[in-house]
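>>> make a model of this:
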Amino acid sequence: MSGEAAPLNRVCVYCGSSNNADPQLLADAAELGRALAAEKLGLVYGGGGVGLMGACAQAAHDAGGQVLGIIPEFLVGRERPLSKVETIVVQNMHERKMMMYERSDGFVVLPGGIGTLEEIIELLSWRRLDLHAKPIVFYSPGGFWDPLFALLRHIVDANLTPPDFLKTYRIAERVADIIPALCGMPEPTTVAPETTEVA
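Okay, the predicted model is just below:
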């Protein structure tokens, strides 16, 4: 991994895989897929054909976009990959996350569950450690991710993470604002990891 930013060619989208999601969220995911295709930005995603994940990938594909799914073997039956898109089957979740990271130049976080939360926390941690400079944008309709942002602010206020950390991601409340936010993110400020003082 490197702290150097790359040109924005492929965007990884983290999002929920539940078909029980609010229909508006499914529509928003599809809108993002079409927007990525319109901007000639490839989509990298978790490989499933269900939930927001499937809606985004199907829409991107139908709009002529380049789509790459990456899914662990044990989830193939559960998340039902789309037969129309290129899909790489890997052995485990760690391999999936690393390949999604390596194949992407920027990241969008749509509403999702515990799996989405796990993925983005790891990504933010790597950004905090200056292991990458890739842009990160949260799509937070109706304040969906506000509890997470409050927690991040809490750890900053507790002096456990430097304030500059809060500049390492952007927040969009409309789908139309996601790609401009990705493209307009400033280079992150390099922050040295916390040190422990010895008395």
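
>>> so where does Thr87 fall, helix or strand?
Applying DSSP states H and E as the criterion places Thr87 in strand 86-90.

>>> buried ones in that strand?
Using 16 or more other C-beta atoms under 10 Å as the burial criterion, the residues of strand 86-90 that qualify are 87, 89-90. Where you see a C-beta, it was placed from the backbone N, CA and C, and this is true even at glycine.

>>> please apply the same query to stretch 169-185.
So stretch 169-185, judged by 16+ other C-beta under 10 Å, has buried residues 169-170, 172, 175, 178-179, 181-182, 185.

>>> low-confidence ranges, this protein, go.
Where the chain drops to pLDDT under 70, the residues are 1-6, 186-199.

>>> now do the strands in it.
Using DSSP state E, the strands assigned to the chain run over residues 10-14, 42-45, 67-72, 86-90, 106-109, 136-139, 170-172.

>>> using TSV, lay out those strands together with distance to Trp126.
Listed next are the strands of the chain as TSV, based on distance: least, C-beta to C-beta, whole Å:
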stretch	distance to Trp126
strand 10-14	13
strand 42-45	16
strand 67-72	17
strand 86-90	19
strand 106-109	11
strand 136-139	10
strand 170-172	17
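
>>> so which of those strands comes closest to Gln58?
strand 67-72 (8.7 Å; C-beta to C-beta).

>>> partners of that closest one in the sheet?
Using DSSP bridges, the strands paired with strand 67-72 are strand 42-45 (parallel), strand 86-90 (parallel).

>>> so for Leu151, which of these sits nearest?
That would be strand 42-45 among the strands paired with strand 67-72, by C-beta to C-beta, at 25.4 Å.

>>> which other residues reach that closest one?
9-13, 15, 33, 36-37, 53, 56-57, 60, 65-70, 100, 103-104 (C-beta atoms under 8 Å, 6 or more residues apart in numbering).

>>> how about 6 Å then?
Residues outside strand 42-45 that contact it (C-beta atoms under 6 Å, 6 or more residues apart in numbering): 10, 12-13, 36, 53, 57, 60, 65-69, 100, 103-104.
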